[in-house]
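> Okay, predicted coordinates and the sequence, questions at the end:
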Amino acid sequence: MGARSAVVVTHSRVRASGHLVDEVERQLRRDGFRVSIVDNIAAPEFGSPSQKVADDTEIVIVLGGDGTILRAAELVKGTQVPILGVNLGHVGFLAEFESFQIGEAIRRVADHDYSIDERMVAHVDLWIPGADRPLSDWALNDMTLERYDRGKMIEVSVRVDDVEMSSFGCDGMIVATPTGSTAYAFSVGGPIVWPDAQSLQMVPIAAHALFARSLIIGPKSQFTLDILSDSQSAGWICNDGRRQRPVPKRSRIVVRQSHDILRLARLSGVPFTRRLVSKFDLPVVGWREQHRPSAAANGQDQGEPPESNKER
Ligand SMILES: NC(=O)c1ccc[n+]([C@@H]2O[C@H](COP(=O)([O-])OP(=O)(O)OC[C@H]3O[C@@H](n4cnc5c(N)ncnc54)[C@H](O)[C@@H]3O)[C@@H](O)[C@H]2O)c1
Ligand SMILES: Nc1ncnc2c1ncn2[C@@H]1O[C@H](COP(=O)(O)OP(=O)(O)OP(=O)(O)O)[C@@H](O)[C@H]1O
């Protein structure tokens, strides 16, 4: 049997900051892996294919934050290869392990001791006026359409499955996958969607309208966004904060569920709910609860949750 193969994705700052990448490489080689290290991934052009890992790659190990995981996703998009994230960034919401757990992470990879969390990916078609076919791209987190001219609004109409629902001026629109619901869509007030929900949500950014609610559609539906011909501004499209380009007026963007799936390796069995509480540091004990005299007497104002909240 040939050597197993792993790709380590990091960025030059992490690589330059110490021995961690060398140590991971050494451990993987000791465990019989061929290792390649990718540390500087330029964003592909919107609609262009990205560089991919070799077919025989067993796993991609990411040493970085969410941004590095989104870059690594480009290398595995359309393949079966899973990504394992070890957080060396700030939030690292998509990462499975923190940096101090790296030894365990590598051991579990070597033992093939992990499960796979399948994440839905969005397919994005951009139709530019006059073009006979769309520019096709994708998103693990989100597609954002924002105004090109910072001083003007972009005017957009929204359709779901070809039925026009609304049109308004705004700073932009986000269409997010469940994975992306904790990123930009969260910042503009969108709901958090659990990763196993097969849905897409659209969240307007600063809409100047009385009806501009978030919309959540199912896996067989699609959003269509048209930039109106009399929009004050043209647009700028950006997928996962990476693959981007200007979008002229009268363009159409269609977002639906992709046939591809992105696989995140899971080792710890920590459920999404727990990750959400810890990464977002959610105040599980309500503010009023913390200020009740009985809570203070029980030490709950020192950050100790009441019994009923401990196993949420
Ligand atoms: N105002 C905002 O919140 C805002 C603005 C632009 C882009 N973004 C997000 O940034 C993403 C790109 O990430 P980046 O790290 O390359 O950019 P970045 O370095 O600008 O960081 C954006 C922040 O979003 C966090 N993030 C990214 N994906 C996440 C996810 N799925 N769940 C929870 N947090 C997540 C990152 O950890 C980081 O703290 C885009 O897909 C978009 O969702 C957010
Ligand atoms: N492979 C890469 N190639 C080039 N630049 C990268 C790469 N990975 C990350 N960067 C850049 O390095 C910076 C930090 O990366 P990353 O987003 O992974 O970590 P972070 O921002 O510290 O963590 P988080 O995204 O979890 O908050 C960002 O400016 C990002 O654009």
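Perfect, I can see it now. Residues are numbered from 1 along each chain as shown. Ligands and ions are numbered 1, 2, ... in the order given.
> Show the residue spans covered by the helices in this protein.
Shown for the chain, the helices assigned by DSSP state H span residues 12-16, 20-30, 66-76, 102-110, 184-187, 272-279, 287-290, 293-297.
> and the longest strand along the chain with helix 66-76, angle?
Ordering each strand of the chain by length in residues (DSSP state E) puts strand 252-266 first. Angle of strand 252-266 versus helix 66-76, following axes from the mean of the first three to the mean of the last three C-alpha atoms, to 10 degrees, is 100 degrees.
> Those residues of the protein touching ligand 2, which are they?
Proximity of the chain to ligand 2 is confined to 11, 40-41, 64-68, 71, 89-92 under the rule C-beta under 6 Å from any ligand atom. All C-beta atoms are positioned from the backbone trio N, CA, C, and that covers glycine.
> ok, and the most crowded of the residues you listed?
Neighbour counts for those, by other C-beta atoms under 10 Å, peak at residue 68, which reaches 27 neighbours.
> Enumerate the residues of the stretch 151-300 of the chain near ligand 1.
Going by C-beta under 6 Å from any ligand atom, the residues of the stretch 151-300 of the chain near ligand 1 are 179, 180, 182, 183, 184, 187, 240, 241.
> quick one on the thing from earlier: would you point out the most distant pair within the residues of the chain next to ligand 2?
The distance between the two most remote of the residues of the chain next to ligand 2 (C-beta to C-beta) is 21.5 Å, for 40 and 91.
> that older thread, what's the closest of the helices of the chain to residue 49?
Among these, helix 66-76 sits nearest to residue 49 (C-beta to C-beta), with 9.4 Å.
> what about the closest one, near ligand 1?
Yes. Against ligand 1, helix 66-76 shows contacts by C-beta under 6 Å from any ligand atom at 66, 67, 70.
> any chance of those in a markdown table, plus pLDDT?
A markdown table is the format used below for these (pLDDT from 0 to 100):
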| residue | pLDDT |
| --- | --- |
| 66 | 97 |
| 67 | 96 |
| 70 | 98 |
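> and the residues you listed as JSON lines, adding distance to residue 96?
Output for the residues of helix 66-76 next to ligand 1, formatted as JSON lines (distance: C-beta to C-beta, whole Å):
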{"residue": "66", "distance to residue 96": "12"}
{"residue": "67", "distance to residue 96": "16"}
{"residue": "70", "distance to residue 96": "15"}
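> Between those, which sits nearest ligand 2?
Ranked by distance to ligand 2 (C-beta to the nearest ligand atom), the residues of helix 66-76 next to ligand 1 are led by residue 67 at 2.2 Å.
> Roughly how far does the closest one sit from residue 287?
Remark: distance between residue 67 and residue 287 (C-beta to C-beta, to the nearest Å) = 32 Å.
> So what does the residue most central in space within the chain have for phi and psi?
Per C-alpha atoms, centre = their mean, the C-alpha nearest to the average position across the chain is that of residue 141, at 3.1 Å. Residue 141 adopts backbone torsions of phi -90, psi -70, taken as degrees, to the nearest 10.
> who touches it in this structure?
Residue 141 sits next to 70, 176, 177, 179, 180, 183, 184, 240, 241 when contact means C-beta atoms under 8 Å, 6 or more residues apart in numbering.
> Deepest-packed of the helices of the chain, please.
Of all those, helix 66-76 has the most neighbours on average by mean count of other C-beta atoms under 10 Å, namely a mean of 24.
> Can you list the neighbours in contact with that helix?
7, 9-11, 38, 41, 44, 50-53, 57, 60, 62, 82-83, 85, 88-89, 91-95, 140-141, 183, 240-242, 262-263.
> circling back to that earlier point, out of the residues of the chain next to ligand 2, which is nearest to residue 113?
Among those, residue 92 lies closest to residue 113 (C-beta to C-beta), at 21.3 Å.
> Please report the distance of the residue lying closest to the closest one once chain neighbours are set aside from residue 9.
Leaving out its chain neighbours, the residue that sits closest to residue 92 by C-beta to C-beta, 6 or more residues apart in numbering is residue 65, at 5.2 Å. Here the criterion is C-beta to C-beta. By it, residue 65 lies 12 Å from residue 9.
> Kindly report the same for residue 206.
Counting by C-beta to C-beta, the gap from residue 206 to residue 9 is 34 Å.
> quick one: stretch 7-23 to chain centroid distance?
Its chain's C-alpha centre and that of stretch 7-23 lie 22 Å apart, by C-alpha atoms, centre = their mean, to the nearest Å.
> Could you write out the alpha-carbon coordinates of it in PDB?
Backbone C-alpha positions of stretch 7-23 (Å, rounded to 0.1, in the frame of the first residue of the first chain) are rendered in PDB as follows:
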ATOM      1  CA  VAL A   7      -2.100  18.500   2.900                       C
ATOM      2  CA  VAL A   8      -1.500  21.100   5.600                       C
ATOM      3  CA  VAL A   9      -3.000  24.500   4.800                       C
ATOM      4  CA  THR A  10      -1.800  27.500   6.900                       C
ATOM      5  CA  HIS A  11      -0.700  31.000   6.200                       C
ATOM      6  CA  SER A  12       2.700  32.500   6.100                       C
ATOM      7  CA  ARG A  13       2.200  34.400   9.400                       C
ATOM      8  CA  VAL A  14       1.600  31.100  11.200                       C
ATOM      9  CA  ARG A  15       4.400  29.400   9.400                       C
ATOM     10  CA  ALA A  16       6.800  32.200  10.300                       C
ATOM     11  CA  SER A  17       5.700  32.400  13.900                       C
ATOM     12  CA  GLY A  18       7.300  29.200  15.300                       C
ATOM     13  CA  HIS A  19       7.800  25.500  15.000                       C
ATOM     14  CA  LEU A  20       4.200  24.400  15.000                       C
ATOM     15  CA  VAL A  21       3.900  23.700  11.300                       C
ATOM     16  CA  ASP A  22       7.200  21.900  11.300                       C
ATOM     17  CA  GLU A  23       6.100  19.900  14.300                       C
END
